[in-house]
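Participant: My questions are about this predicted structure, shown below with the sequence.
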Amino acid sequence: MESSMSRDRQSDHPANGNPKAKLIRQLRQHLSSSIGLEDAPPPMIESVDQLHDDRDDDLIALRQRANIYHVPLFSAHRFGPAITATRRLARKVLKPILMFQVAYNGANARFAEVLTRRVAQLRQEVTELQDLARDRADTIAHLEAELEELKAQQKLQTRAIQKLIRTVNHE
């Protein structure tokens, strides 16, 4: 179910028209069906923009790949039954380690989602604070302009008073 949501989300966001990212997503879908996984491993990040675009995909991949205990055991190889039996035995022997790793992976996936939500909240708060700072800066600039105007009026009134005092003193 999550893989269909992942694919729906991927088709909704063709990486802002980036043909390279679209090709990568198509390759992921093709590889996922041929190697028997829900999604192919994500490619190495080549730029910060691509990191930003793939953040949701990476969180989905973290969530989907958290449970490493339940991977397919079958093999289409000619020695498939022997390989499958070996994998089952290895899974039984490694179960405590795998369960610990599953718990760790799940915790990391949840933590990454919490951090992603918190980063989004902080970005929103920063935007709001920037807007508030712009408003305050506009208010300060307006008040400074009014203050300069008052100073100019005060100078004119001071000169007028001084002129009036001089004329009264001369009379």
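Facilitator: Nice, thanks for sending it over.

Participant: quick one: average pLDDT of the helix or strand hosting L89?
Facilitator: Using DSSP states H and E, L89 sits in helix 80-170. The pLDDT scores in helix 80-170 average 89.

Participant: Distance check, Q154 against I161.
Facilitator: 10 Å (CB to CB, to the nearest Å). Yep, even glycine has a C-beta here, placed from its N, CA and C like the rest.

Participant: for H77, helix, strand, or coil?
Facilitator: Three-state assignment for H77 (DSSP: H, G, I helix; E, B strand; the rest coil): coil.

Participant: list the contacts for it?
Facilitator: H77 is in contact with I83, counting by CB atoms under 8 Å, 6 or more residues apart in numbering.

Participant: per-residue pLDDT, it?
Facilitator: pLDDT at H77 comes out at 72.

Participant: N67 too?
Facilitator: 69.

Participant: cool, E2 as well?
Facilitator: The model's pLDDT for E2 equals 42.

Participant: Likewise for the one 3 residues further on?
Facilitator: Residue-level confidence at M5 comes out at 42, pLDDT.

Participant: follow-up on the earlier one: so which other helices or strands are in contact with the helix holding L89?
Facilitator: Helix 80-170 is packed against helix 55-64, with contacts defined by 3 or more CB pairs under 8 Å, 6 or more residues apart in numbering; DSSP states H and E.

Participant: on contacts alone, who are the packing partners of the helix it packs on?
Facilitator: Packing partners of helix 55-64 (3+ CB pairs under 8 Å, 6+ apart): helix 2-12, helix 80-170.
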